[in-house]
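Asks: Could you work out the structure for the sequence below:
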Amino acid sequence: MSATSKRDKLSAVSESESTRAELLQGAPWVAALTDELRRRVFAESRVAKVNARNFVCRRGEVAENWIGVLRGLVKIVTITPEGQSTSFIGVPSGGWFGEGSLLKNEARRYDGIALRDSTIAYVPRRTFMLLLDSSTAFNRFLLDQLNERLGQFVAMVEYDRLLGPDAKVAKELAGLCNPVLYPGIGNRLPISQEEIAQLVGLSRQRVNQALRRLEKRGLVRLGYKDLAILDLEGLRHFDAQKR
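Replies: Below is the predicted model of the structure:
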């Protein structure tokens, strides 16, 4: 079933309070908060399980939450009324997104779709703004995130217009392993070839060819529904013309 046909099936199976606190405790910005701010985050946030191909957030809705992928993989995409989609980024476990819409107090301009069963955190606007007003450490985290995200989107414009399929796959893998945006992801990426294909807008067969070439170059090592990143810098600066 397509994501469009599941537009009204956003999962809202919330976790218990103790499980919610346990899951949020691993967020990279939580440790630097004061005890009181941490308590507020745990008490006021919501953690929900979102099934694969369901919406995490939807284009046009009022942005009321900052969103974190505690477990899973989310695609940020726009879908036309005709069903055509354009993918922007993939957000793996440990990633947070949606701060721009909150800061500008505007409706979301994209859909967030779970590519696999995912555990998603929703931090309410009031809590997000409290953190902005009260925590220097949180502001530093957010500034670093916005700066890194800007660089990611600038690079996306470049490789979408100038690079071939192999390089697009290489850049996407490098982006998913960004240590600032997705700390703790490590050098093993739990992602299938089908999920990569959905992120870069290529067929699964073409992604497989690209991955085999990257493996031959010594940049990755393929596994079953995952891959090991052997040379992150090599992926970031991959040039298909070089031998």
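Asks: contacts, neighbours, all on C-alpha from now
Replies: Noted.
Asks: same for the one helix or strand E148 maps to, what does it pack against?
Replies: If you go by DSSP states H and E, E148 is part of helix 136-162. Under the contact definition 3 or more Cα pairs under 8 Å, 6 or more residues apart in numbering; DSSP states H and E, helix 136-162 sits against helix 125-134, helix 165-176.
Asks: winner for burial among these?
Replies: helix 165-176 (a mean of 22; mean count of other Cα atoms under 10 Å).
Asks: can you map out the helices along this structure?
Replies: 17-24, 35-44, 99-104, 125-134, 136-162, 165-176, 193-200, 204-216, 232-236 (DSSP state H).
Asks: okay, those helices in CSV with distance to I76 and mean pLDDT next?
Replies: Shown next, in CSV, are the helices of the chain (distance: least, Cα to Cα, whole Å; pLDDT from 0 to 100):
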stretch, distance to I76, mean pLDDT
helix 17-24, 22, 79
helix 35-44, 24, 95
helix 99-104, 14, 93
helix 125-134, 20, 97
helix 136-162, 12, 82
helix 165-176, 13, 90
helix 193-200, 9, 91
helix 204-216, 19, 95
helix 232-236, 21, 91
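Asks: what's the closest of the ones you listed to P183?
Replies: Nearest to P183 among the helices of the chain is helix 165-176 (10.3 Å), distances taken as Cα to Cα.
Asks: other SSEs contacting that closest one?
Replies: Using 3+ Cα pairs under 8 Å, 6+ apart, helix 165-176 sits against strand 85-92, helix 136-162, helix 193-200, helix 204-216, helix 232-236.
Asks: Give me the domain ranges for the protein.
Replies: Annotated domains of the chain cover 4-135, 163-236 [automatic domain parsing].
Asks: Which among those domains is found nearest to L146?
Replies: Nearest of these to L146, taken as Cα to Cα: domain 4-135 at 8.4 Å.
Asks: Report the beta-bridge partners for the most centrally placed residue in the chain.
Replies: For the chain, the residue nearest the mean C-alpha position is V91 (0.9 Å; Cα atoms, centre = their mean). Note on V91: beta-bridge partners V74, judged by DSSP bridges.
Asks: Tell me how far it lies from L176.
Replies: Distance, V91 to L176, using Cα to Cα, to the nearest Å: 7 Å.
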